[in-house]
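> Sequence and predicted structure below; questions after.
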Amino acid sequence: MYQAFDTPHKVWLGDNSSIDAHGIGHILVLMQAKGEWHKVILSNTLYVSDLHGNLISVLQITCHEILEAAHITIAEPGTDPTNLTVFVARTKVACTDLQTWHCCLGHINTDSVLRMVKKSMIMGMDIVGSTSHKALGTCTLCIKGKQSREDVPKTTNTQATKTLSRLFSDMCGPMQMQSHQEFNYFVSWIDNYLCKAAVDGIRHKSDVLEHFKAFVAAAELKTSHKLKVLHSDGRGEYVSCEVCQFLCDKGIKHKTTTADSPEFNGVSECFNCMVMEMARPMLEDSGLPKSFWFDAVEYATYIHNVIPMRSLATNITPPSEKCVCPI
């Protein structure tokens with residue numbers, strides 16, 4: 001239930017600045033405690049369109065005698081200084097049509113969207129209206145952004161059995177326009193076991209080693225596994241003396257394929273093509289300048305890491321704590 005104000009009300013923030021609230025109403029949220037969901041009504045909730053997230057005022061809560069004092073206790077993770085029940089809140093189910101989900105998820109295949117809903121892989125995700133492919137129609141942005149020169153193999157015969165056993169990597173660029181972060185290329189790393197990926201923007205090809213070292217350190221620390229084998233094409237970014245010395249010192253075996261032959265480096269080449277085919281229509285749809293291409297690539301990578309992957313037998317996204325992506 002929502003009622004608009006005749007004139008906006010001021011809402012003061014922590015930095016002593018103010019923004020306008022345009023209305024007031026009640027919000028129904030679901031809160032989980034001890035495995036059970038409960039309906040909770042938040043009354044007299046202000047609608048502030050300029051906020052980037054939902055905020056709860058401690059002062060307003062204390063005015064209604066929900067808390068005893070206007071303060072917040074900050075504690076170490078895993079501790080419970082108040083001995084209270086922790087509630088996990090979520091808003092109402094996000095119901096929208098197939099076309100909107102297709103666009104929000106980076107113009108991915110509709111089969112992946114429908115699979116996510118069917119298997120309840122995202123809490124609160126639902127589709128209203130038709131779920132047939134005809135309901136989507138022809139997406140002109142996909143046609144413009146997904147024009148590949150040839151088919152690239154999407155799988156490999158060397159399937160890993162542990163995290164970081166095999167890592168595929170490739171560089172993409174130079175781009176037509178430098179990103180607003182001053183990147184001209186991006187480099188990708190794909191873990192062959194979990195099918196998870198990470199990307200990093202770079203200015204020059206010679207910067208690959210620095211970024212690769214940072215990725216390996218972060219990934220090994222996060223997963224508690226050591227990188228065993230690196231797969232790349234035969235181009236210069238991974239065949240310099242400095243890179244070879246680093247791989248030798250770390251005990252990482254390097255397997256290369258024929259340079260400029262994507263069919264021999266299918267995993268990483270396919271991934272780079274995929275994220276670019278997602279990034280182009282997203283930029284076109286958003287109206288952002290092309291200098292935001294790396295932001296679109298990062299978002300496409302995030303989507304890749306959470307949607308169901310066909311190469312995984314269960315089609316279930318692995319737990320996030322097992323992901324090799326260090327960011």
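Perfect, I can see it now. Numbering: from 1, shown residues only.

> which sections of this structure are below the confidence cut-off?
1, 34-35, 58-95, 123-124, 133-136, 145-159, 258-265, 309-327 (pLDDT under 70).

> in it, which spans are helices?
58-63, 98-104, 110-118, 133-136, 140-145, 208-223, 241-250, 266-286, 293-306 (DSSP state H).

> Format those as JSON lines; extra columns: distance to Lys162 and mean neighbour count.
The way it works is simple: take the backbone N, C-alpha and C, and place the C-beta from them, glycine included. Compiled in JSON lines, the helices of the chain are given as follows (distance: least, CB to CB, whole Å; neighbours: other CB atoms under 10 Å):
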{"stretch": "helix 58-63", "distance to Lys162": "46", "mean neighbour count": "12"}
{"stretch": "helix 98-104", "distance to Lys162": "34", "mean neighbour count": "18"}
{"stretch": "helix 110-118", "distance to Lys162": "26", "mean neighbour count": "16"}
{"stretch": "helix 133-136", "distance to Lys162": "37", "mean neighbour count": "13"}
{"stretch": "helix 140-145", "distance to Lys162": "35", "mean neighbour count": "14"}
{"stretch": "helix 208-223", "distance to Lys162": "9", "mean neighbour count": "17"}
{"stretch": "helix 241-250", "distance to Lys162": "17", "mean neighbour count": "13"}
{"stretch": "helix 266-286", "distance to Lys162": "17", "mean neighbour count": "21"}
{"stretch": "helix 293-306", "distance to Lys162": "18", "mean neighbour count": "21"}
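
> need the ones you listed in TSV with distance to Ala33, can you?
As requested, these are exported to TSV (distance: least, CB to CB, whole Å):
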stretch	distance to Ala33
helix 58-63	18
helix 98-104	30
helix 110-118	26
helix 133-136	38
helix 140-145	42
helix 208-223	30
helix 241-250	46
helix 266-286	37
helix 293-306	26
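
> Nearest approach to Pro174 belongs to which of these?
Closest to Pro174 of the helices of the chain, according to CB to CB: helix 293-306, at 11.4 Å.

> Output the contacting helices and strands for that closest one.
strand 185-191, strand 197-202, helix 266-286 (3 or more CB pairs under 8 Å, 6 or more residues apart in numbering; DSSP states H and E).

> try it again with 7 Å
Packing partners of helix 293-306 (3 or more CB pairs under 7 Å, 6 or more residues apart in numbering; DSSP states H and E): strand 197-202, helix 266-286.

> among the ones you listed, which is nearest Tyr47?
helix 266-286 (24.2 Å).

> okay, that closest one in PDB with CA atoms only?
Below are the C-alpha coordinates for helix 266-286, written out as PDB (Å, rounded to 0.1, in the frame of the first residue of the first chain):
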ATOM      1  CA  GLY A 266      37.900 -23.900 -27.400                       C
ATOM      2  CA  VAL A 267      37.100 -23.400 -23.700                       C
ATOM      3  CA  SER A 268      38.700 -20.000 -23.200                       C
ATOM      4  CA  GLU A 269      38.000 -18.800 -26.800                       C
ATOM      5  CA  CYS A 270      34.300 -19.800 -26.400                       C
ATOM      6  CA  PHE A 271      34.100 -18.000 -23.000                       C
ATOM      7  CA  ASN A 272      35.600 -14.800 -24.400                       C
ATOM      8  CA  CYS A 273      33.200 -14.900 -27.400                       C
ATOM      9  CA  MET A 274      30.300 -15.600 -25.000                       C
ATOM     10  CA  VAL A 275      30.900 -12.600 -22.700                       C
ATOM     11  CA  MET A 276      31.400 -10.300 -25.700                       C
ATOM     12  CA  GLU A 277      28.200 -11.500 -27.200                       C
ATOM     13  CA  MET A 278      26.500 -10.700 -23.900                       C
ATOM     14  CA  ALA A 279      28.300  -7.400 -23.400                       C
ATOM     15  CA  ARG A 280      27.400  -5.900 -26.800                       C
ATOM     16  CA  PRO A 281      23.600  -6.100 -26.500                       C
ATOM     17  CA  MET A 282      23.700  -5.100 -22.900                       C
ATOM     18  CA  LEU A 283      25.600  -1.900 -23.900                       C
ATOM     19  CA  GLU A 284      23.300  -1.300 -26.800                       C
ATOM     20  CA  ASP A 285      20.200  -1.800 -24.600                       C
ATOM     21  CA  SER A 286      21.500   0.400 -21.800                       C
END
